[in-house]
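S.K.: mind looking at a prediction? Sequence and model below.
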Amino acid sequence: MAEAELETDPPKDRWNIVYLILVLHGIGILMPWNMFINAKSYFVDYKLGEEYLNGKFHYAAIFMSYLTISAQLPNLLFNWLNIFCPIGGKLTTRIVWSILTEVLCFVFTVALVMINTAHIPNIFFWVTLGCIILLNTANGIYNNSVFGMAAKLPQKYIGAVVLGTNLSGTLTSLADIASLTVAPNPKTAAIYYFTTALFILLACFDTYFALPLNRFYKYHELIYQRQINNKESKQNKNESVPYWQIFKKSLPQQFNIFFVFFITLSIFPAIHSDIKKSDKNFFISDKYYVSIMCFLTFNVTALVGSYLSTLFSWPKPKWLYVPIFLRALLIPLFLVCNYHPREIIRVTPVIINNEYVFWALGGILGLSSGYFSSVAMMYAPSCVEPKYSGVAGMFGAAMIITGICCGLICGNYYSLLITKIKW
């Protein structure tokens, strides 16, 4: 009777409640990555800094590179594995346990903030990395599950999840700046900062259970399940998915997706966050310099670029590789800024020491990354037959993570082009 009532009177998403819930889950998807990557000052300058440890330790110099690899490697494995061997199990089980695991990891991170780890920097270093690996393993399951949940709804609700992922970085940067402003010391700032992630993840947990109670969501879940049943009844059991043919046909756009993220992550955050203030009279103080000039600038402009891709798509698929290849010029431009990594002596001259030019470069990096990655992701499914567009989209998602991992690895070695290592 309830199903018949839903079909005879299709409900609407009143007050856009379902849409807003999916935006919130989109924010939650990228929250672990953004929270740790934006907390560079806490890990590098405070917990692993010379003042806190009463001496020089090499952990501060290598922490960010180890963090980024530890965070993205689980995502890389899950995304490629999910193409050929889709993760099974009930949706509720996957979402609930993945969120709870993330919550426990953040609780553990807050506990580490409160503990004096000055005498055990090696344990703090490796335990934190282990926590990040566990956190992002759970997040890989959560990521796939949320998009599976959104797939039951009209197409704009997948866009709601994407919007949330784009908002996540900006909100995290603002939380970082706010915690630095309100808190009297780095320890308190870190507690405020990581507690923000706990509230967001708990909100995601609560709102997930509100969805099955919503008539709009129940209606589309019913329609989706019937479509799946019809497809399964009509599908030839012996028919296999031509993965190689799908990948080959969409290869130009897959490479575009890969190269956008490769260039972006080669620069951000490895190079971008180690560019120091050149002008002492610049209006942004040292306390907020990296948070604003690097993380906030990149995240806001990437969000704008992603939004612009919904208004127009330029250039056409055939020529998209041209501006994407030109983005490689950003690497040498950032290297000739006032770039000074830890434990490194710079031997080449600083050519760009104007704060506004550096700020503009950061804006171009984020804007072009958000725009061209979104355009390439939209072009990829159209390269194959409609029935295989979903697989092409999954390849695109896997190429994003592959580009990120390769960019992060290469970004750790670009400093050798302008420096010599201080042994």
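M.R.: Arrived safely.

S.K.: pLDDT score assigned to Ala4?
M.R.: Confidence per residue is given as pLDDT, and for Ala4 that number is 54.

S.K.: again with the one 4 residues further on
M.R.: According to the predicted model, the pLDDT of Thr8 comes to 58.

S.K.: all the strands of the stretch 251-400 of the chain, residue numbers only.
M.R.: Counting by DSSP state E, counting those that start in this stretch, the stretch 251-400 of the chain forms strands over residues 344-346, given from the N-terminal end onward.

S.K.: which stretches of it have low pLDDT?
M.R.: Counting by pLDDT under 70, the low-confidence segments of the stretch 251-400 of the chain come to 390.

S.K.: got the domain ranges for this structure?
M.R.: Per automatic domain parsing, the domain ranges recorded for the chain read 16-231, 242-423.

S.K.: will you turn the ones you listed into CSV that also has mean neighbour count?
M.R.: Where you see a C-beta, it was placed from the backbone N, CA and C, and this is true even at glycine. What follows is those, written out as CSV (neighbours: other CB atoms under 10 Å):
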stretch, mean neighbour count
domain 16-231, 18
domain 242-423, 18
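
S.K.: my read: Gly164 touches Met31, true?
M.R.: No - the pair Gly164 and Met31 fails to qualify as a contact (CB atoms under 8 Å) at a distance of 9.7 Å.

S.K.: so what's Phe216 up against?
M.R.: Phe216 sits next to 11-14, 17-18 when contact means CB atoms under 8 Å, 6 or more residues apart in numbering.

S.K.: for those residues, give me CSV that also has distance to Asn139.
M.R.: Supplementary listing: those in CSV, determined by distance: CB to CB, whole Å:
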residue, distance to Asn139
Pro11, 32
Lys12, 32
Asp13, 27
Arg14, 31
Ile17, 25
Val18, 22
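
S.K.: I'd like those residues laid out as CSV, including pLDDT, distance to Asn54 and secondary structure.
M.R.: Putting the contacts of Phe216 into CSV (pLDDT from 0 to 100; distance: CB to CB, whole Å; DSSP: H, G, I helix; E, B strand; the rest coil) gives the following:
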residue, pLDDT, distance to Asn54, secondary structure
Pro11, 73, 63, coil
Lys12, 79, 62, coil
Asp13, 77, 57, coil
Arg14, 80, 59, helix
Ile17, 88, 53, helix
Val18, 88, 53, helix
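
S.K.: of all these, which comes closest to Ala380?
M.R.: Minimum separation from Ala380 among those (CB to CB) is found for Val18, which lies at 26.8 Å.

S.K.: so what's that closest one up against?
M.R.: Residues 153, 157, 211, 214, 216-217 are the ones in contact with Val18 under the rule CB under 8 Å, 6+ apart.

S.K.: so Cys105: helix, strand or coil?
M.R.: Remark: Cys105 carries the secondary structure label helix [criterion: DSSP: H, G, I helix; E, B strand; the rest coil].

S.K.: who are the contact partners of it?
M.R.: Contact analysis of Cys105 by CB under 8 Å, 6+ apart lists 32, 131-132, 134-135, 138.

S.K.: repeat that for Ile177.
M.R.: Ile177 sits in contact with 288, 291-292, 296, where contact means CB under 8 Å, 6+ apart.

S.K.: likewise Trp314?
M.R.: For Trp314, counting by CB under 8 Å, 6+ apart, the contacting residues are Val375.

S.K.: could you do Ser278 as well?
M.R.: Residues touching Ser278, when contacts are defined by CB under 8 Å, 6+ apart, comprise 338, 350, 353-355, 358.
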